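*Asks:* model the following, please.
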Amino acid sequence: MFRLLQLMAVLTVAFFSDETFAQIFDIKVTNYGFNTTANPQLKTIIDEQIATIETDINKGLPSTDPDRLMEGMANSSVMAGKGIGTDYASGMNVLLIGAGVGVGADLTKDKDTDGKLSGVNAASGVILGYNLGFMDTESILGMNTDRLNMYLNFMSYGHDTSLSDKADEKSDASLDMTSGGVHFRYDWVKGAGNKFLGWGGVKFHFGYEYNKTDITFKSTIKKKVEDDGLNGTINGAPEAKISTMTHSFPLALSTDVQIFYLLSLYGGIGADYNMGKAKAKGSLNGDKSNIACSSGAACTGAGNPTIQVQPQANINGTGNVNPFLFRGFAGLQINLPYIRIFGQVDKAFGNNLIGATAGVRFVY
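*Replies:* Just a heads-up that it's a prediction; the model follows:
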């Protein structure tokens, strides 16, 4: 289970492409030290050197418009939590205990960039479910307690990974996830058949889901510049943090079929009311560095200037979650004695949001 959590964590922090124009870390020239209008050739040489270093630093890191990325992160957070805290086809009579992990992704390509994704997020949870038939009352809000199940889920998990361990540029990422929720399932229409070939009826699901993720990117830069008459070292330790917190209130209808006991197939439709957002903030954590321009015709013509540069994080942005999402979902479950292993896919209607969930459960 923890290996699967680690895989989801790595996928979450390492999915980003460096193919777009806006990068997490950039190097700002704070002072060229010469008249750039009078010496455009030297300015071009310096800018090309800086761009090469920036590309190297940002390999494997997010690279898209910050506000669009934050919107995608928020919506992906909601999709990552689907299927973790509820149950569609396990056949619980008294008690259910299990765990699951989910990942959500916004597959929309930003029209202003070349990025393949616009956001990704993850969620995890340990689930405890029980039938409410033990209660003294026969019904709650008109629902028969013998047909009403309650599920609680919660988990907090962290993972650190290295993205680059080069001597002149080290990049690390850490992911902290906290998720929780409460769900109810009501067997609205009873099923028919038996365990070898049966229909599970129609089930009504409702509840609350909370998901919070913090992704931190750190880069320690010590890049030497020795080309085209330039000589110096760029130092810095910029840091960027993406924080996402979402609340989702799902409603869903599902049905399922069981084939030869071993296999169950289920699916349904759902509607979610969502709140929350994702925010990104960068910090400099570094002083200005000097690069000498002391040789070559371009440097001499500009008076052998000293160029000042400073690494910085370039990801400040905020994005809100879509307040309403409508989705369909489908899953496959392997039924073993007292054990259920399942995988599920959710797809939102009208956009490119998807989610995938997997888990294992003990059922009695």
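
*Asks:* and the closest residue to residue 85 other than its chain neighbours, what element?
*Replies:* Closest residue to residue 85 apart from its sequence neighbours, by Cβ to Cβ, 6 or more residues apart in numbering: residue 153 at 3.7 Å. C-betas here are computed from N, CA, C, even on glycine. Assessed by DSSP states H and E, residue 153 sits inside strand 148-166.

*Asks:* name the helices or strands packed onto the following helix or strand past that strand?
*Replies:* The element immediately downstream of strand 148-166 (helix or strand, assigned by DSSP H and E) is strand 169-189. Secondary-structure packing of strand 169-189 (3 or more Cβ pairs under 8 Å, 6 or more residues apart in numbering; DSSP states H and E): helix 2-14, helix 40-57, strand 119-131, strand 148-166, strand 197-227.

*Asks:* so what touches the next helix or strand after the third one?
*Replies:* Using DSSP H and E, the helix or strand that follows strand 119-131 in sequence is strand 139-140. Residues outside strand 139-140 that contact it (Cβ atoms under 8 Å, 6 or more residues apart in numbering): 132, 145, 148.

*Asks:* adding distance to residue 98, pLDDT and neighbour count as columns, could you present these in CSV?
*Replies:* Converted to CSV, the contacts of strand 139-140 look like this (distance: Cβ to Cβ, whole Å; pLDDT from 0 to 100; neighbours: other Cβ atoms under 10 Å):
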residue, distance to residue 98, pLDDT, neighbour count
132, 18, 93, 17
145, 22, 93, 18
148, 19, 95, 19
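
*Asks:* adding distance to residue 231, write those residues out as JSON lines.
*Replies:* As requested, the contacts of strand 139-140 are exported to JSON lines (distance: Cβ to Cβ, whole Å):
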{"residue": "132", "distance to residue 231": "74"}
{"residue": "145", "distance to residue 231": "78"}
{"residue": "148", "distance to residue 231": "74"}
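
*Asks:* just these now: which is nearest residue 47?
*Replies:* Residue 47 lies nearest to residue 148 out of the contacts of strand 139-140, by Cβ to Cβ, at 65.5 Å.

*Asks:* quick check: the closest one touching residue 185?
*Replies:* Yes: the pair residue 148 / residue 185 is scored as a contact, 7.4 Å apart, by Cβ atoms under 8 Å.

*Asks:* re earlier: point out the most buried one among the helices and strands packed on strand 169-189.
*Replies:* Each of the helices and strands packed on strand 169-189 was scored by mean neighbour count; the highest is strand 119-131, a mean of 25, by mean count of other Cβ atoms under 10 Å.

*Asks:* neighbours around residue 350, how many?
*Replies:* 10 (other Cβ atoms under 10 Å).

*Asks:* now swap in residue 237 and tell me
*Replies:* So residue 237, with other Cβ under 10 Å, has 15 neighbours.

*Asks:* and it, how far is that from residue 172?
*Replies:* 11 Å (Cβ to Cβ, to the nearest Å).

*Asks:* okay, which residue is most central for this structure?
*Replies:* residue 121 (1.5 Å; Cα atoms, centre = their mean).

*Asks:* show me the contacts for it.
*Replies:* 12, 73, 76, 77, 79, 80, 103, 104, 105, 211, 213, 244.

*Asks:* I figured residue 318 hits residue 69, correct?
*Replies:* No: applying Cβ under 8 Å, one finds residue 318 not in contact with residue 69, separated by 10.4 Å.

*Asks:* which one of these two is surrounded by more residues?
*Replies:* residue 69 (30 against 14).

*Asks:* let's have the helices and strands packed on strand 169-189 in CSV, adding distance to residue 342.
*Replies:* Formatted as CSV, those follow (distance: least, Cβ to Cβ, whole Å):
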stretch, distance to residue 342
helix 2-14, 13
helix 40-57, 41
strand 119-131, 12
strand 148-166, 14
strand 197-227, 14
